[in-house]
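**Q** Starting from these lines, generate the structure:
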Amino acid sequence: MQKKQILKIIRKWCDENMTKDFIDKGLFAEDEADFSEEAKYFKRFERMKEMISNRFMNLEEDYLNRFIDEYYQEVF
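**A** Numbering: from 1, shown residues only. Sure thing, here's the model as predicted:
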């Protein structure tokens with residue numbers, strides 16, 4: 001399967017499963033609500049990476065990181 005096809009499948013899954021509320025659910029404790037946007041970014045990034053990696057195994061890490069960087073901007 002080509003990378004463009006894989007990207008399309010991943011994007012469709014993310015659109016259907018990774019809403020802002022779903023990503024943030026249970027991610028921040030009450031005392032973390034005032035985290036800087038940068039700190040929130042790293043926690044959200046790791047959550048998104050875990051979710052995608054669990055669904056789509058054996059993705060190249062660099063490829064996955066680039067995708068999440070781009071997709072994060074759309075969600076948040």
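
**Q** In the chain, mark out all the helices, start to finish.
**A** Using DSSP state H, the helices found in the chain span residues 3-17, 20-24, 37-55, 61-75.

**Q** Output those as JSON lines; include the columns mean neighbour count, distance to residue 30 and mean pLDDT.
**A** From N, CA and C alone the C-beta is placed, and that goes for glycine too. Shown next, in JSON lines, are the helices of the chain (neighbours: other C-beta atoms under 10 Å; distance: least, C-beta to C-beta, whole Å; pLDDT from 0 to 100):
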{"stretch": "helix 3-17", "mean neighbour count": "12", "distance to residue 30": "26", "mean pLDDT": "92"}
{"stretch": "helix 20-24", "mean neighbour count": "13", "distance to residue 30": "13", "mean pLDDT": "92"}
{"stretch": "helix 37-55", "mean neighbour count": "14", "distance to residue 30": "14", "mean pLDDT": "94"}
{"stretch": "helix 61-75", "mean neighbour count": "13", "distance to residue 30": "23", "mean pLDDT": "94"}
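
**Q** Excluding covalently adjacent residues, which one is nearest to the one residue sitting closest to the centre of the chain?
**A** Most central in the chain under C-alpha atoms, centre = their mean is residue 48, positioned 2.5 Å from the mean C-alpha point. Of all residues not flanking residue 48 in the chain, residue 68 sits nearest, at 5.1 Å (C-beta to C-beta, 6 or more residues apart in numbering).
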